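In: What shape does this take:
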Amino acid sequence: MSGPGAPLEMLDRSVDPPGAGQVLVKVNASSLNFHDNVNLMGLLPGPWPRVPMSDGAGEVVAIGPDVDALRVGQRVMGAFHPGWLDGPPTPEAKRELPGDSEDGWLQQYRVADAAGLVPTPDHLSDIEAATLPCAAVTAWSALQEANIGEGDVVVSQGTGGVSLFTVQLARALGATVILTSSSDDKLKIGSGLGATHLINYRTTPQWEAEVKRLTEGRGADLIVELGGPATLAQSVQSVRAGGTIAVIGVLSGFDPAPLSIAEVMLNNLRIIGITVGSVRAHRDMCALISQANIKPHISHVFGWDKVDEAVEVMRANEHVGKIALTIG
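Out: Just a heads-up that it's a prediction; the model follows:
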């Protein structure tokens, strides 16, 4: 992108060799997130011009000095926040974000710090791996914040990438998942991925009452809140006393959300914002993905020269799970 909201232009440029602590990755795939959609609209700050896309996966083809953990030929993914190695989030740890603060992954070769790369699980293709860095790590972070495990109940909103990864990861942790969507066809896909209970919020607009019914009045341990101001009040009504609402998305806009502060206080609710996660979280999640043999649900794959078409599919909400991009 040459400037905010400008059309993408394909350019030829030389490939830099990796420096100390860096590797050169031959990028084979990327994926489209809501974050990238906003970025392509020119609504996120950062240096111009820049290469977009926060997610990428490929193969290490060259290694710079002082790199011991990776080898040539190893398949890797880029972390969403490659400078956030571990621990709690800080502005400094989250400052680096490919596609925003620096060139992203929509290129054939990319030099990256080795510490900010994560080995790809053996059972995943590069296209599948490229869907993990933003959406899957976000879902994982929400589940970890609520300490989800055997016997817990999780509500996941919608059938986008984060929501379906929540279904798969929560089931692998032993939880029961309640999935909401406005489409019965999309809910069926979620059921196939492990959702136990399905709620169509068009035919059941008071879905919070259905969550309470399904949990015998107790409420869910975790609500993965993707709707934003239009759904947050219902999430508060759906969660158990002492439960967690992980605020991840703002799909209904950025207006203030109507919220019962008294209910939050009296029920000791935790409302926490999630912005993806650390490199350590990414690695831990991949361990579970390998153990449970989880594969992402990808509804659309486009060539990297068809980004505009991919964005149109996302904006029309025609996708289920992830939209991937091949690069080459």
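In: May I have the phi/psi pair for the nearest residue to Gln291 once chain neighbours are set aside?
Out: Closest residue to Gln291 apart from its sequence neighbours, by CB to CB, 6 or more residues apart in numbering: Ala172 at 7.6 Å. Where you see a C-beta, it was placed from the backbone N, CA and C, and this is true even at glycine. For Ala172, the backbone dihedrals (degrees, to the nearest 10) come out as phi -70, psi -30.
In: ok, Ala172 touching Lys295?
Out: No: contact criterion CB atoms under 8 Å: Ala172 and Lys295 do not qualify, at 12.0 Å.
In: So which residues of the stretch 101-250 of the chain form strands?
Out: Here the stretch 101-250 of the chain has its strands, by DSSP state E, counting those that start in this stretch, at 109-113, 117-119, 153-157, 176-181, 197-200, 220-225, 239-247.
In: if we can go back for a sec, okay, now the residue nearest to Gln291: neighbour count?
Out: Residues near Ala172, counting by other CB atoms under 10 Å, number 16.
In: ok, it - contacts?
Out: Leu288, Gln291, Ala292, Ile294 (CB atoms under 8 Å, 6 or more residues apart in numbering).
In: With Ser182 instead?
Out: Residues near Ser182 by CB under 8 Å, 6+ apart: Asn200, Tyr201, Arg202.
In: I'd like to know which of these is nearest to Pro89.
Out: Checking the contacts of Ser182 against Pro89 by CB to CB gives Tyr201 as the nearest, at 30.7 Å.
In: can you pull the contacts of the closest residue to the closest one other than its chain neighbours?
Out: Using CB to CB, 6+ apart and skipping residues adjacent in sequence, the residue nearest Tyr201 is Trp207, 4.7 Å away. By CB under 8 Å, 6+ apart, Trp207 lies in contact with Thr180, Ile199, Tyr201, Gln234, Ser238.
In: By neighbours, which of the residues you listed wins?
Out: Busiest of the contacts of Trp207 [other CB under 10 Å] is Thr180, holding 29 neighbours.
In: give the contact list for it.
Out: For Thr180, the contact set (CB under 8 Å, 6+ apart) comprises Val155, Ser156, Gln157, Gly158, Leu198, Ile199, Asn200, Tyr201, Trp207.
In: What subset of the contacts of Ala172 is buried?
Out: Leu288, Ile294 (16 or more other CB atoms under 10 Å).
In: Take the contacts of Ala172 and write them to a markdown table, including distance to Leu259.
Out: Below are these laid out as a markdown table (distance: CB to CB, whole Å):
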| residue | distance to Leu259 |
| --- | --- |
| Leu288 | 33 |
| Gln291 | 38 |
| Ala292 | 35 |
| Ile294 | 34 |
